[in-house]
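Engineer: how does the following fold in three dimensions:
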Amino acid sequence: MITVRRAAERGQESYGWLDTRHTFSFGEYYDAGHMGFRTLRVINEDRVRPESGFGKHSHRDMEIVSYVLEGALAHEDSMGTGSVIRPGDVQRMTAGTGVTHSEWNHSQTESVHFLQIWLLPERRGLQPSYEQKTMLPAELQDRLRLVASRDGRDGSLTIHQDAAIYAARLSAGSEVAHLLGEHRHAWVQVARGAIDLNGTALETGDGAGVSDEARLALRAREDAEILLFDLD
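Structural biologist: Residues are numbered from 1 along each chain as shown. This is a model prediction of the structure:
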């Protein structure tokens, strides 16, 4: 069973410095029918204007993953971390018992376009931590590259949840497949481009929840970039 969440149906908010689209309920946007999918709680598609960003604010008891599509996002947090995230970089922050952080676009001319992703942790009260890794273009091209997993296998980030996150950049006409284990579920998010998911057409910004499907076939109808979440 595939349930599609179209891009145009998402929550939309604009604050001048930030244009954001919420796949699931977030902030001032509430939709009782879209509170998340399994342990996947948030997918926000954010565009941050030059010399703008998220000032210092706090989170707790959440696994936060950032995936940059365009631009450079500067990160600072109360753990002493300072870094910059660019396309190909994946960031994981375990908020746990509490962390304060900021995300800023220091460019004077270029916007930052990124996906902000939250997953519920396997337990509350984890020690806050930070991790960032770079995935080379060849690792993502026309294949599903594991970028985050519970055990950090294959050079992926470690997340504190029974979940695996894959990323792929697909050239038009290419196809990749993913096998779902018994009682597993998946969410597919199209960051850009157009694909067919088991014959269901998805385009930029669309997402789809998948249950009771043993195999996922993702074929690019045009150049595309996607994230796939394998969930308990």
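
Engineer: surely residue 180 is in contact with residue 228?
Structural biologist: No. With contact defined as C-beta atoms under 8 Å, residue 180 and residue 228 do not form a contacting pair (10.0 Å). In this view, the C-beta of every residue, glycine as well, is placed from N, C-alpha and C.

Engineer: of those two, who's got more company?
Structural biologist: Remark: of residue 180 and residue 228, residue 228 carries more neighbours, 22 against 17, as counted by other C-beta atoms under 10 Å.

Engineer: now do the contacts for the more buried one.
Structural biologist: 144, 165, 166, 167, 168, 178, 186, 187, 188, 189, 216, 218 (C-beta atoms under 8 Å, 6 or more residues apart in numbering).

Engineer: name the strands paired with the one helix or strand it maps to and say parallel or antiparallel.
Structural biologist: Residue 228 is located in strand 224-231, with elements delineated by DSSP states H and E. Using DSSP bridges, strand 224-231 pairs in its sheet with strand 163-170 (antiparallel), strand 185-192 (antiparallel).

Engineer: can I get the CA coordinates of that strand in PDB?
Structural biologist: Extracted as PDB, the C-alpha positions of strand 224-231 are listed here (Å, rounded to 0.1, in the frame of the first residue of the first chain):
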ATOM      1  CA  ALA A 224      16.000  13.300  -9.400                       C
ATOM      2  CA  GLU A 225      17.200  13.300  -5.800                       C
ATOM      3  CA  ILE A 226      15.400  11.200  -3.200                       C
ATOM      4  CA  LEU A 227      15.500  10.100   0.400                       C
ATOM      5  CA  LEU A 228      14.200   6.700   1.500                       C
ATOM      6  CA  PHE A 229      13.400   5.900   5.100                       C
ATOM      7  CA  ASP A 230      13.300   2.200   6.200                       C
ATOM      8  CA  LEU A 231      11.300   2.200   9.400                       C
END
